[in-house]
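S.K.: Got a sequence here, can you model it:
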Amino acid sequence: MPELPEVETTRRGVEPHLIGKTVLEVIVRHRGLRLPVPDSLDDLAGNRFTAVRRRAKYLILDLERSGSLIVHLGMSGSLRIADPAADFKKHDHIAITLDSGRQLRYHDPRRFGLLIHIPQGDPLLHPLLAQLGPEPLEKDFTPKHLAAACSSRSAAIKLVIMDPKVVVGVGNIYASEALFRARIRPDAEARSLSKPRLGKLVIAIREVLSDSINQGGTTLRDFLHSDGQPGYFRQRLFVYERKNEPCRVCGTPIRHAVMGQRSTYWCPKCQKP
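M.R.: You can find the predicted model right below:
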C-alpha cells in the first residue's frame, strides 16, 4: 500500500501540472472503486485547479468553483500525467483532461482506492478525514502528544504509532524502520516507555519519513511515481523484509513476527523493550 511518503511524492509530482490548469473533460472508465465514483465529476469541465494538498494518505485537489476532490490510492493505485492521445492502460479508471494538453490519470488494478467529490465546504471535515491525528512532520506531533497517547495503552508501541488517531501516515514499513532508529522493540508495551524514549521515537518517525520523501518513496511492487518511475527508498531499509539477514549495525540476524496481522521486523540486539 502506498504510504505517506509515496502519497507526498505523488502530490509533489502532479502539483505543477494541475495548479492553474482548467478541466476540459472528465472520462470515467470504471465507477466501481471502494466507493462509487460520483456522477458529479461529469460537471467539472471549466473548473480550474487551485491547490493540491495532502492529509494523511489522502490527496485533496481543490477546484476554483466546485469544491474539492479527495483521492486515496488504496492498495495499488497511482496518479500520473499522460498524453491524452496515449492508449489507456487496462486499469486506468479515471482521466481528467486539462487545457495544458495533458491528462491526469487514476490507475488502480485492485480498485481499493477512491475518488470522491466534495462540491462545497471544507473537505477536512469529511468523515474520512475529520477524526485523524496530527501529521507526523508538523509541529503538533510532539513527544508530549505521543506520551499522552501511550500513557494508558498496554498495546505494542508499533500498533500505537500505526493508529491514525494517534498520528497519521506511519504505515507498516516506516513504523518498523522508525522503531529501529529509536532502538525500541516493536512489541514494547506503549505505556512502559519513558518520555525521553518516546521523544527519540518522534524524531525517528520524522527522520525516516523525511528521508523517504527525499528519496522518492519506497519501491513497492505496485507503486509508481506520477511520471511512471518507481521510488528508491527500499535500498535504505534497515529491518523491513530482512528476516534472518544480518543487522546493518551489529550483524545480529533480523527477527520477524506477525503483529496486528502485519509483518514486523526488528534487531533483537539493537532494539530494547
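S.K.: what about the strands in the stretch 151-273 of the chain?
M.R.: 255-259, 262-266 (DSSP state E, counting those that start in this stretch).
S.K.: Mean neighbour count and mean pLDDT added to those strands, as TSV?
M.R.: (Each C-beta comes from the backbone N, C-alpha and C, glycine too.) TSV is the format used below for the strands of the stretch 151-273 of the chain (neighbours: other CB atoms under 10 Å; pLDDT from 0 to 100):
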stretch	mean neighbour count	mean pLDDT
strand 255-259	15	96
strand 262-266	20	96
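S.K.: mind checking which of those strands is nearest Phe238?
M.R.: Closest to Phe238 of the strands of the stretch 151-273 of the chain is strand 262-266 (CB to CB; 8.8 Å).
S.K.: what's the spacing between Pro36 and Met259?
M.R.: Note on Pro36: its distance to Met259, by CB to CB, to the nearest Å, is 34 Å.
S.K.: rewinding a little: which one of the strands of the stretch 151-273 of the chain lies closest to Leu159?
M.R.: With CB to CB as the measure, strand 255-259 is the member of the strands of the stretch 151-273 of the chain nearest Leu159 (6.8 Å).
S.K.: Gly46 and Val26 touch, don't they?
M.R.: No: using CB atoms under 8 Å, Gly46 is not in contact with Val26; the gap is 11.0 Å.
S.K.: got the contact list for Leu193?
M.R.: 150, 157, 184, 201 (CB atoms under 8 Å, 6 or more residues apart in numbering).
S.K.: Equivalent analysis for Ala51, please.
M.R.: Shown in contact with Ala51 (CB under 8 Å, 6+ apart): 19, 60-62.
S.K.: For Ile161, state which of the residues you listed is nearest.
M.R.: Using CB to CB, Ile60 is the member of the contacts of Ala51 that lies nearest Ile161, at 23.8 Å.
S.K.: and the closest one, which of the three is it?
M.R.: Of the three states, Ile60 takes strand under DSSP: H, G, I helix; E, B strand; the rest coil.
S.K.: Minimum distance to His30: which of the strands of the stretch 151-273 of the chain has it?
M.R.: strand 262-266 (29.1 Å).
S.K.: Next, the angle from that closest one to strand 255-259.
M.R.: Compare the direction of strand 262-266 with that of strand 255-259 by axes from the mean of the first three to the mean of the last three CA atoms, to 10 degrees and you get 150 degrees.
S.K.: Distance from the chain centre to strand 262-266, please.
M.R.: The chain centroid and the centroid of strand 262-266 are separated by 19 Å, computed with CA atoms, centre = their mean, to the nearest Å.
S.K.: Next: stretch 264-272.
M.R.: 25 Å.
S.K.: now do stretch 74-85
M.R.: With CA atoms, centre = their mean, you get 16 Å for stretch 74-85.
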